[in-house]
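# Structure for this input, please:
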Amino acid sequence: MAALTPGHHQIRVIHQQLETPPAETEADLVAISFFSGFAPEAYRLARHYRSQGKLVVGGGPHVTYAEDEACHYFDALVTGEAESVWSQLLEDAEGGELKPIYRGVPQELDNLPTPRYDLLPDRFFIKRVVQATRGCPFHCSFCTVPSLNPGFRMRPVEKVLADIRYNDFKHWWQRKLVWFWDDNLTANRHYARELLNGMLPLKKWWLTQASMDIARDESLLDLMKASGCIGVFFGMESFGAESLQDAHKSQNKAEQYAETIQALHQRGMCVMAGFIAGFDGDSPATIKAMAQRLYEAGVDVPFLSILTPFRGSDAYDKMVAENRILTERGWEFYNGYNVTFIPNQMSPQELLLAHRQLWREAFSLKYSFLRILRSLRYLRLGAFLMCMFMNAFYCLKRLRGNEPISF
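Have a look, this model is predicted:
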């Protein structure tokens, strides 16, 4: 959005997890984009800056699905994809004619500029975050992408390569790393091959999210390796067939996880995998057993969350229809690490405890060390460094007792 802002405006970008927003600001307009778990804090900031006479605009996924609530806290809302309305909003604000709501609509990605990486603080470990595609062909029950970013759209390859060539970063790893912030970079194989062939001479390390079917495309995997891929995130979600059905991920087959991971390991790529606790097929026993199964399957870095029925997802519609939403729990519980609904085979507290036991076991010194040690046998340098850093980070949190946030 900063790159789309006309040049006569002065801009400051603040990421609140890295930098505390100032108590007072000279800005004429404050724009706050946020997920549901941050809604209480976003509303607090909005009240604070409006009390100083500032125009405050709210946007992001939460606003898109809760505009009737959010409109009480902001001078204007931006719903959906903001690129189509941002310039008009700024023009209206300058002219004193700000409208209460601006509804962004999906557009082709041909004219998206290179992001203003220069506005990000140096505390960002990875600063070159690139989006080549938007949307996903799958429709997972817990995901809002199909309604938030409908369809599957691709930026021109040369535009993406321009982002990757941008190199004005302070640290070598920031110049070396490219993080594709795509939901499924390889969904269109022809496009993915064109992009990766264009990356060959750039000699970068890159990571992304993709669907597990890439393991059956050996020529694509070879091209990913040649173009510098060091890591892929898979949404595996569960080992249970019933839970995968509940997730709308029948394309995932738990018995094929190890083979899929092995295909990437043979090419030196790190496998990160997301697993979610709380599907209707889950029980406390199956959740706690995942720590060992994750290791046996070969996952290098696990990401472990609790099913969260965000507005805009099929899971939310199902929970509402079945009267299973815990309505007394505020938005601060919607962070992926707390329970906001009534599970099928256990109580909310049992689900929370089972997830915490899984998290503690998966990131214990034992499993963290074993994953790092094992990765020495097959990961290339960049992939190994990432595996080591991420496992050490989560293990240190575990040893310090800094578990996922509870309320």
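# Cys387 is in what secondary structure piece?
Per DSSP states H and E: Cys387 is located in helix 381-400.
# Which neighbouring elements make contact with that helix?
strand 229-237, strand 270-277, strand 301-306, helix 365-375 (3 or more C-beta pairs under 8 Å, 6 or more residues apart in numbering; DSSP states H and E). Just so you know, the C-beta spots here come from the backbone N, C-alpha and C atoms, and that holds for glycine as well.
# Repeat the analysis, applying 6 Å as the threshold.
With contacts defined as 3 or more C-beta pairs under 6 Å, 6 or more residues apart in numbering; DSSP states H and E, helix 381-400 has these neighbours: strand 229-237, strand 270-277, helix 365-375.
# show me where this protein has strands.
29-33, 55-59, 76-79, 101-103, 129-130, 133-135, 152-154, 177-180, 205-209, 229-237, 270-277, 301-306 (DSSP state E).
# Now do the second one: which elements does it pack against?
What it means is strand 55-59. Using 3+ C-beta pairs under 6 Å, 6+ apart, strand 55-59 is in contact with strand 29-33, helix 39-50, strand 76-79.
# Need the CA coordinates for the last one. CSV is fine.
Presented in CSV, the C-alpha positions along strand 76-79 are these (Å, rounded to 0.1, in the frame of the first residue of the first chain):
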residue,chain,number,x,y,z
ALA,A,76,-13.5,4.7,7.3
LEU,A,77,-13.2,1.0,6.5
VAL,A,78,-11.5,-0.8,3.6
THR,A,79,-12.8,-4.2,3.0
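# for the record, mean pLDDT for that strand?
Averaged across strand 76-79, the pLDDT comes to 98.
# Looking at the helices and strands packed on strand 55-59, which one is packed in the most?
strand 76-79 (a mean of 22; mean count of other C-beta atoms under 10 Å).
# how much does the helix holding Cys387 deviate in direction from strand 301-306?
40 degrees (axes from the mean of the first three to the mean of the last three C-alpha atoms, to 10 degrees).
# hey, C-alpha coordinates of helix 381-400 in PDB?
This file holds the C-alpha atoms of helix 381-400, laid out as PDB (Å, rounded to 0.1, in the frame of the first residue of the first chain):
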ATOM      1  CA  LEU A 381      23.500 -25.000   3.600                       C
ATOM      2  CA  GLY A 382      20.700 -22.500   3.400                       C
ATOM      3  CA  ALA A 383      18.000 -25.100   4.300                       C
ATOM      4  CA  PHE A 384      20.100 -26.400   7.200                       C
ATOM      5  CA  LEU A 385      20.600 -22.900   8.600                       C
ATOM      6  CA  MET A 386      16.900 -22.200   8.500                       C
ATOM      7  CA  CYS A 387      16.100 -25.600  10.100                       C
ATOM      8  CA  MET A 388      18.600 -25.000  12.800                       C
ATOM      9  CA  PHE A 389      17.500 -21.400  13.500                       C
ATOM     10  CA  MET A 390      13.800 -22.200  13.600                       C
ATOM     11  CA  ASN A 391      14.100 -25.300  15.800                       C
ATOM     12  CA  ALA A 392      16.500 -23.500  18.200                       C
ATOM     13  CA  PHE A 393      14.100 -20.600  18.400                       C
ATOM     14  CA  TYR A 394      11.100 -22.700  19.300                       C
ATOM     15  CA  CYS A 395      13.100 -24.900  21.600                       C
ATOM     16  CA  LEU A 396      14.400 -21.900  23.500                       C
ATOM     17  CA  LYS A 397      10.900 -20.700  23.900                       C
ATOM     18  CA  ARG A 398       9.900 -24.100  25.200                       C
ATOM     19  CA  LEU A 399      12.800 -24.200  27.700                       C
ATOM     20  CA  ARG A 400      12.000 -20.700  28.900                       C
END
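# ok, residues contacting it?
In this structure, residues lying in contact with helix 381-400 by C-beta atoms under 6 Å, 6 or more residues apart in numbering are 205, 230-231, 268-270, 300-301, 363, 368, 371-372, 375, 379.
# quick one: low-confidence ranges for the chain?
Scanning the chain for pLDDT under 70 picks out 406-407.
# give me every residue that touches the residue most central in space within it.
For the chain, Trp181 is the residue whose C-alpha lies nearest the centre (C-alpha atoms, centre = their mean; 7.5 Å). Listed by C-beta under 6 Å, 6+ apart, the contact set of Trp181 reads 129, 131.
# ok, now with 8 Å
Trp181 sits next to 129-131 when contact means C-beta atoms under 8 Å, 6 or more residues apart in numbering.
# Kindly report the same for Met224.
Applying C-beta under 8 Å, 6+ apart, the residues near Met224 are 196, 214, 232, 267, 269.
# Which single one of those is nearest to Pro22?
Val232 (38.7 Å; C-beta to C-beta).
# ok, now how distant is the closest one from Thr186?
Val232 is 9 Å from Thr186, where distance means C-beta to C-beta, to the nearest Å.
# Identify the contacts common to the two.
By C-beta under 8 Å, 6+ apart, the residues touching both Val232 and Thr186 are 208, 210, 214.
# Leaving aside the residues adjacent along the chain, what's closest to the last one?
Nearest-residue entry for Ile214: Thr186, 5.4 Å, with adjacent residues in sequence omitted and distances by C-beta to C-beta, 6 or more residues apart in numbering.
# From what I see, that neighbour and Met212 are in contact.
No - judged on C-beta atoms under 8 Å, Thr186 makes no contact with Met212 at a distance of 10.5 Å.
# returning to what we had before: ok, which of the helices and strands packed on strand 55-59 comes nearest Glu259?
Of those, nearest to Glu259 by C-beta to C-beta is strand 29-33, at 39.7 Å.
# what are the pairing partners of that closest one, and which direction each?
Strand 29-33 pairs in its sheet with strand 55-59 (parallel), by DSSP bridges.
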